[in-house]
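1. all I have is the shape, not the residue letters:
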């Protein structure tokens, strides 16, 4: 029996206690754990977990038919890349109460209706509590089996009995292996249990969904290797006290990581939002300063978002710079560009920026709309509600071109907007002939602000 000190934040191991983890830099995260050295004979090793045990040519590998199965929820299929892949391991994370278990139970119901056998393992709720949630969601299916267990061997035994097509673990932090002396939820337990579930999923072709807790910083609890071991990582975004929910893939071995799924929390669970742009703009008030509409892209989907800004003189020496749903460092950069290149003073003012609807955007194509909202708030002059802005802004105040401009323009036209301000490099003859709305090309941010009347 050996012991080691393991960082509960990143999984770093050392033979002695340290006050600060040398890997992640966190303090007081080293916990002593026992190590059981297991001797495994060479002929007892699990073979063929991920494929053939001998080298083969790529052209000799034959893909299986019907490898993907639709979840029955279009928005979730979009994020997954077309559906759940047989034998894959999917990790779902998010804040408490945001809807992870609700969405997963809805997926179980849709797949069970399609003929799949489902095993739902709960380590935090009793069968009666799960039944109450199922009644609220109007789920009544005899192909969904429930198992309230936290011991790994009991879960594997239950999977051998049911032989499910879909296995749900709620949550992975509650599962523990009796072969390890550490407490459930520790780095060693999470890593060992996930590895065993990975072997079960690959050898038995069982699609497995793991529900994971998140830390106070918003990351999935446990070692970072947990995200490396699984095939797909999904994050819930949004506030638990509001009706919208956004599912984003931050890792996907079988599809794109740029897509998002938009849901609305209702009495009957999570419902798909088929028109996200209209949803995000539903509460917009025309004629109010500090508001502008940006045309962004999330994967292949165009979205129109309202950028809200508020600037006011501060009585303190250091003004505040607060951004919600937008990178705070990029906001500081755009404020410098706004003052130096466009002549709009922001020194000595508290600045608050918000992306309405709760979406977090990272695409630089929203820069021009952010500048317009900031200038509108500083000048206390509203932007015309008929305008949509697209463009990346550089340090010299130039407006740079963006990708897939036609898709953005078509989305603006579909929602009834009449004018689009875009980079001059994006204004081609094809766009001029196809667009049904007025297009205004600009070279600098100052030109765009003068066009809007907020310079």
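-> Received the coordinates, thanks. Only a predicted model underlies this, so the values are computations on that prediction, with no experimental measurement involved.
2. alpha carbons only for contacts and neighbour counts from here, please
-> Fine.
3. walk me through the domains of the protein.
-> Using automatic domain parsing, the domain parsing of the chain gives 1-37, 68-274, 279-452.
4. tell me the mean pLDDT over stretch 271-290?
-> Averaged over stretch 271-290, pLDDT sits at 88.
5. in it, what's buried?
-> If you call a residue buried by 16 or more other CA atoms under 10 Å, then stretch 271-290 has these buried ones: 271-273, 276-277, 279-281, 284, 288-290.
6. list the contacts of that stretch.
-> For stretch 271-290, contacts defined as CA atoms under 8 Å, 6 or more residues apart in numbering pick out 73-75, 262-265, 302-310, 356-357, 372-378, 380-385, 415.
7. filter those down to just the ones in helices.
-> Residues of the contacts of stretch 271-290 located in helices (DSSP state H): 74-75, 372-378.
8. distance to residue 60 for the domains of the chain - can I get that in a markdown table?
-> Listed next are those as a markdown table, based on distance: least, CA to CA, whole Å:
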| stretch | distance to residue 60 |
| --- | --- |
| domain 1-37 | 39 |
| domain 68-274 | 20 |
| domain 279-452 | 33 |
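9. lowest average pLDDT across the ones you listed?
-> What stands lowest among those, in mean pLDDT terms, is domain 1-37, with a mean of 82.
10. strands along the stretch 151-300 of the chain, start to end?
-> In the stretch 151-300 of the chain, the strands defined using DSSP state E, counting those that start in this stretch lie at 166-170, 207-212, 232-237, 244-252, 260-266, 269-272, 291-298.
11. identify whichever of these lies nearest to residue 399.
-> The closest of the strands of the stretch 151-300 of the chain to residue 399 is strand 291-298. By CA to CA, the value is 14.1 Å.
12. so how far is that closest one from its chain's centroid?
-> Centroid separation for strand 291-298 versus its chain: 19 Å, with CA atoms, centre = their mean, to the nearest Å.
13. and that strand, what does it pack onto?
-> With contacts taken as 3 or more CA pairs under 8 Å, 6 or more residues apart in numbering; DSSP states H and E, strand 291-298 sits against strand 301-313, helix 367-379, strand 387-389, helix 405-414.
14. any chance of those in CSV, with distance to residue 10 and mean neighbour count too?
-> What follows is these, written out as CSV (distance: least, CA to CA, whole Å; neighbours: other CA atoms under 10 Å):
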stretch, distance to residue 10, mean neighbour count
strand 301-313, 35, 21
helix 367-379, 35, 28
strand 387-389, 42, 24
helix 405-414, 41, 19
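15. so which of these is nearest residue 116?
-> For these, proximity to residue 116 was assessed by CA to CA; strand 301-313 is nearest, at 30.5 Å.
16. which residues sit against that closest one?
-> Here strand 301-313 has contacts from 259, 276-278, 280-281, 284, 290-297, 348-357, 369-370, 373-374, 377-378, 407-408, 411-412, using CA under 8 Å, 6+ apart.
17. for the protein, what's the longest helix?
-> Assigned via DSSP H, the chain shows its longest helix as helix 187-204.
18. ok, now which ones touch residue 140?
-> residue 134.
19. that one in helix, strand or coil?
-> Here residue 140 is recorded as coil under DSSP: H, G, I helix; E, B strand; the rest coil.
20. which parts of stretch 416-428 are buried?
-> In stretch 416-428, counting by 16+ other CA under 10 Å, buried: 417-424, 426-427.
21. what distance separates the start and the end of it?
-> With CA to CA, to the nearest Å as the measure, stretch 416-428 spans 22 Å from end to end.
22. mind checking how far it is from the chain centre?
-> Worked out by CA atoms, centre = their mean, stretch 416-428 lies 29 Å from the chain centre.
23. can you give me the angle the helix or strand hosting residue 335 makes with helix 367-379?
-> With elements taken from DSSP states H and E, the one containing residue 335 is helix 328-340. Between helix 328-340 and helix 367-379, the angle comes out at 60 degrees (axes from the mean of the first three to the mean of the last three CA atoms, to 10 degrees).
24. in helix 328-340, what counts as buried?
-> Residues of helix 328-340 classed as buried by neighbour count (16+ other CA under 10 Å): 331, 334-338.
25. so what touches it?
-> For helix 328-340, the external contacting residues (CA under 8 Å, 6+ apart) are 321-323, 344-346, 367, 371, 375, 393, 395-397.
26. the nearest residue to residue 85 once chain neighbours are set aside: how many residues sit nearby?
-> Spatial nearest neighbour of residue 85, chain neighbours left out: residue 68 (4.5 Å); criterion: CA to CA, 6 or more residues apart in numbering. Using other CA atoms under 10 Å, residue 68 has 17 other residues around it.
27. now swap in residue 397 and tell me
-> Close neighbours of residue 397, defined as other CA under 10 Å, add up to 21.
28. isn't it up against residue 343?
-> No. The pair residue 397 / residue 343 is not scored as a contact, 10.8 Å apart, by CA atoms under 8 Å.
29. thinking again about what came up before, out of the contacts of helix 328-340, which are inside strands?
-> Assigned to strands by DSSP state E, the following of the contacts of helix 328-340 qualify: 321-323, 393.
30. need those in JSON lines (columns: distance to residue 211 and neighbour count).
-> Formatted as JSON lines, the ones in strands among the contacts of helix 328-340 follow (distance: CA to CA, whole Å; neighbours: other CA atoms under 10 Å):
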{"residue": "321", "distance to residue 211": "35", "neighbour count": "16"}
{"residue": "322", "distance to residue 211": "32", "neighbour count": "17"}
{"residue": "323", "distance to residue 211": "29", "neighbour count": "18"}
{"residue": "393", "distance to residue 211": "39", "neighbour count": "26"}
